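**Student:** Sharing a model that was predicted from the sequence below.
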Amino acid sequence: MQEFQSYNILNLTPGASEEEIRKAYRKKAKAYHPDVNDSPDAREKFLMVKRAYDSLLHLKKNQRYFSETNTTAPAQYDFSRYKNPFTRINIEGEAAKRKRAWEAFQAQKRAEEKFQRTKKKLQNSMWFYPAKIGLYASVALSWLFSVLIIAGCLAMVIFIHPVVIFFLIPFITGSIFLLLRTYEWFNKYKEMFE
């Protein structure tokens, strides 16, 4: 809240003493307190008077402190020059952010170009079709192996005893993990053959 507005709200002239500020606040607070005043905007006016009082009292305390310590009060509190040590903000600010974004973009572009060169090199080599067949065969074997392990575990549970499932849980979860990981790396490497 601006200092001038605070004085106006409390009907004071700039430069009023702390005692005058307290008297004006008490008078206005009694007039606008929601328990005393039944008007619908009494609470808002009371809060505005309270903020003005707090603002002026804080200003007076600062003036008294700076006059007692023989220092000059800062004209304006500017916290923008201080940086939060818990965030990753460089001193350079926006220019550094743009530079990092540009470098990340360039690194991604270089990686994509390298991938395209490797892909073209593989497609032109004599190992393209054997590698493609090997990729699809390894995926098929991995999935088949996982499904067979799960089916074998379920068969043991059905034919031996249901309690056996507690001993087979690691095999079942491992097979499920193998199925999921196979799907992930298959999607990653099949781009080389498209």
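**Tutor:** Ah, there it is.
**Student:** wait, doesn't M192 sit right on Q116?
**Tutor:** No: in this structure, M192 is not within contact of Q116 by CB atoms under 8 Å, at 10.3 Å. The way it works is simple: take the backbone N, C-alpha and C, and place the C-beta from them, glycine included.
**Student:** Could you check which of the two is surrounded by more residues?
**Tutor:** M192 (15 against 10; other CB atoms under 10 Å).
**Student:** and the helix or strand encompassing K119, what does it pack onto?
**Tutor:** Secondary structure from DSSP states H and E places K119 in helix 94-124. Helices and strands touching helix 94-124, by 3 or more CB pairs under 8 Å, 6 or more residues apart in numbering; DSSP states H and E: there are none.
**Student:** got a list of what F115 touches?
**Tutor:** When contacts are counted by CB atoms under 8 Å, 6 or more residues apart in numbering, F115 touches E191.
**Student:** Let the chain start at 426 from now.
**Tutor:** Yep, numbering from 426; the last one is F540 now.
**Student:** And it, how far from E616?
**Tutor:** 8 Å (CB to CB, to the nearest Å).
**Student:** now do A521
**Tutor:** 34 Å.
**Student:** Comparing the two, which residue is more hemmed in?
**Tutor:** Legend: neighbour count by other CB under 10 Å for A521 and E616, higher for A521 (12 against 9).
**Student:** what helices or strands is the helix or strand bottoming out on mean pLDDT in the chain leaning on?
**Tutor:** Lowest by mean pLDDT, DSSP states H and E among the helices and strands of the chain is helix 428-434, with a mean of 71. Identification of packing neighbours for helix 428-434 by 3+ CB pairs under 8 Å, 6+ apart yields helix 467-493.
**Student:** Output the contacting helices and strands for the helix it packs on.
**Tutor:** Helix 467-493 packs on helix 428-434, helix 443-457, going by 3+ CB pairs under 8 Å, 6+ apart.
**Student:** Dump those to TSV, plus mean neighbour count.
**Tutor:** Below are the helices and strands packed on helix 467-493 laid out as TSV (neighbours: other CB atoms under 10 Å):
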stretch	mean neighbour count
helix 428-434	16
helix 443-457	15
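**Student:** Can you check which of these gets nearest to A565?
**Tutor:** When the helices and strands packed on helix 467-493 are compared by CB to CB, helix 428-434 sits nearest A565, at 77.1 Å.
**Student:** Can you pull the poorly scored residue ranges out of this structure?
**Tutor:** The model of the chain has pLDDT under 70 over residues 426-429, 485, 487-520.
**Student:** what's the burial count for C578?
**Tutor:** Counted with other CB under 10 Å, C578 comes out at 19.
**Student:** and it, which of the three is it?
**Tutor:** What DSSP: H, G, I helix; E, B strand; the rest coil gives for C578 is helix.
**Student:** who touches the residue nearest to it when sequence neighbours are not counted in this structure?
**Tutor:** Using CB to CB, 6 or more residues apart in numbering and skipping the chain neighbours, the partner closest in space to C578 is L593 (4.2 Å). By CB under 8 Å, 6+ apart, the contact set of L593 is 578, 581-582.
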